[in-house]
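Engineer: Build me a structure from this.
(chains A and B)
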Amino acid sequence: NAGVTQTPKFQVLKTGQSMTLQCAQDMNHEYMSWYRQDPGMGLRLIHYSVGAGITDQGEVPNGYNVSRSTTEDFPLRLLSAAPSQTSVYFCASRKTGRNQPQHFGDGTRLSIL
Amino acid sequence: AQSVTQPDIHITVSEGASLELRCNYSYGATPYLFWYVQSPGQGLQLLLKYFSGDTLVQGIKGFEAEFKRSQSSFNLRKPSVHWSDAAEYFCAVGASKAAGNKLTFGGGTRVLVKP
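Structural biologist: Okay, the predicted model is just below:
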């Protein structure tokens, strides 16, 4: 019963490096999203997708890219890492509909030096 | 635009005492409201949700929340706190389909439980 799986759990990068955070779900959910969590700011939406081939920007999209080639996978790419992107990143998925609850992964803790 | 405010950043409560976490929202239509809990190093787990109907909703782990439209509030309560309730709690409001069904979170309230 995997749910939402995020890899890696921890990562340290140097400024300017690029990397991809992986997210996969096995619940056939149409809606997937990426959040970053910073102290005192709750979770802020980076990008989201309402289905394969469709993505849109959230509240804080700058510096991040996403794609959704399959229903199951929704990777988040950092193009050129900056210290301001040091955060904990959460992927979530749910069925379409505003009354559907989000299912969250366990997070990726990312540090940019 | 929708927003959620959790006025209390930290709350300390004794084990066995009651707990109330405040949540105020701003949304132009009927809100869809959620409470999530996050244990250290974990993702968020849904405690309860409100869409319509009875304004007092029951959730998991003995939590309940009351929707008060006149006060734009959705406060979370538990009559008797257990040490395992120490965690961070997030209130969230869901947007309309036209706005992408996006979920907006409050800043969170960290609960510490004293023995």
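
Engineer: now the strands: where do they sit in chain B?
Structural biologist: In chain B, strands defined by DSSP state E lie at B:3-5, B:10-14, B:19-21, B:24-26, B:32-38, B:44-50, B:56-58, B:64-68, B:73-78, B:87-94, B:103-105, B:109-114, listed in chain order.

Engineer: how about these in TSV, adding mean pLDDT, mean neighbour count and distance to A:Val12?
Structural biologist: The way it works is simple: take the backbone N, C-alpha and C, and place the C-beta from them, glycine included. Compiled in TSV, the strands of chain B are given as follows (pLDDT from 0 to 100; neighbours: other CB atoms under 10 Å in any protein chain shown; distance: least, CB to CB, whole Å):
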stretch	mean pLDDT	mean neighbour count	distance to A:Val12
strand B:3-5	92	16	32
strand B:10-14	97	13	29
strand B:19-21	98	18	34
strand B:24-26	93	16	37
strand B:32-38	93	23	23
strand B:44-50	93	21	24
strand B:56-58	95	14	42
strand B:64-68	96	18	39
strand B:73-78	97	20	36
strand B:87-94	93	24	24
strand B:103-105	87	24	26
strand B:109-114	96	16	26
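
Engineer: As CSV, the ones you listed with distance to chain A would be great.
Structural biologist: Formatted as CSV, the strands of chain B follow (distance: least, CB to the nearest CB, whole Å):
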stretch, distance to chain A
strand B:3-5, 8
strand B:10-14, 11
strand B:19-21, 13
strand B:24-26, 13
strand B:32-38, 5
strand B:44-50, 4
strand B:56-58, 13
strand B:64-68, 14
strand B:73-78, 15
strand B:87-94, 4
strand B:103-105, 4
strand B:109-114, 10
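
Engineer: Show me which residues of chain A sit near chain B.
Structural biologist: Applying the criterion CB under 8 Å from any CB of the partner chain, the portion of chain A that neighbours chain B consists of A:4, A:31, A:33, A:35, A:40-45, A:48, A:50, A:56, A:58, A:90, A:92, A:96-99, A:101-102, A:104-107.

Engineer: Can you select the buried ones from those residues in ChimeraX?
Structural biologist: Selection of buried members from the residues of chain A next to chain B for ChimeraX, criterion 16 or more other CB atoms under 10 Å in any protein chain shown:
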select /A:4,31,33,35,42,43,44,45,48,50,58,90,92,98,101,102,104,105,106,107
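
Engineer: Nearest residue to the middle of chain A?
Structural biologist: In chain A, the residue lying closest to the centroid (CA atoms, centre = their mean) is A:Trp34, at 2.9 Å.

Engineer: and that residue, how far is that from B:Ala86?
Structural biologist: 27 Å (CB to CB, to the nearest Å).

Engineer: just A:Val12 next, same as before
Structural biologist: In this structure, A:Val12 lies at 28 Å from B:Ala86, with CB to CB as the measure.

Engineer: More neighbours: these two, which one.
Structural biologist: Looking at A:Val12 and B:Ala86 with other CB atoms under 10 Å in any protein chain shown, you find the greater number of neighbours at B:Ala86, namely 17 against 11.

Engineer: Quick check, the more buried one in contact with B:Lys114.
Structural biologist: No. Under the criterion of CB atoms under 8 Å, B:Ala86 is not in contact with B:Lys114, lying 9.5 Å apart.

Engineer: picking up where we left off before, quick check on the residue nearest to the centre of chain A: phi, psi?
Structural biologist: Recorded main-chain torsions at A:Trp34 are phi -120, psi 130, according to degrees, to the nearest 10.

Engineer: Run through the residues that contact it.
Structural biologist: Residues touching A:Trp34, when contacts are defined by CB atoms under 8 Å, 6 or more residues apart in numbering or on different chains, comprise A:21, A:23, A:45-48, A:58, A:64, A:66, A:74, A:76, A:89-92.
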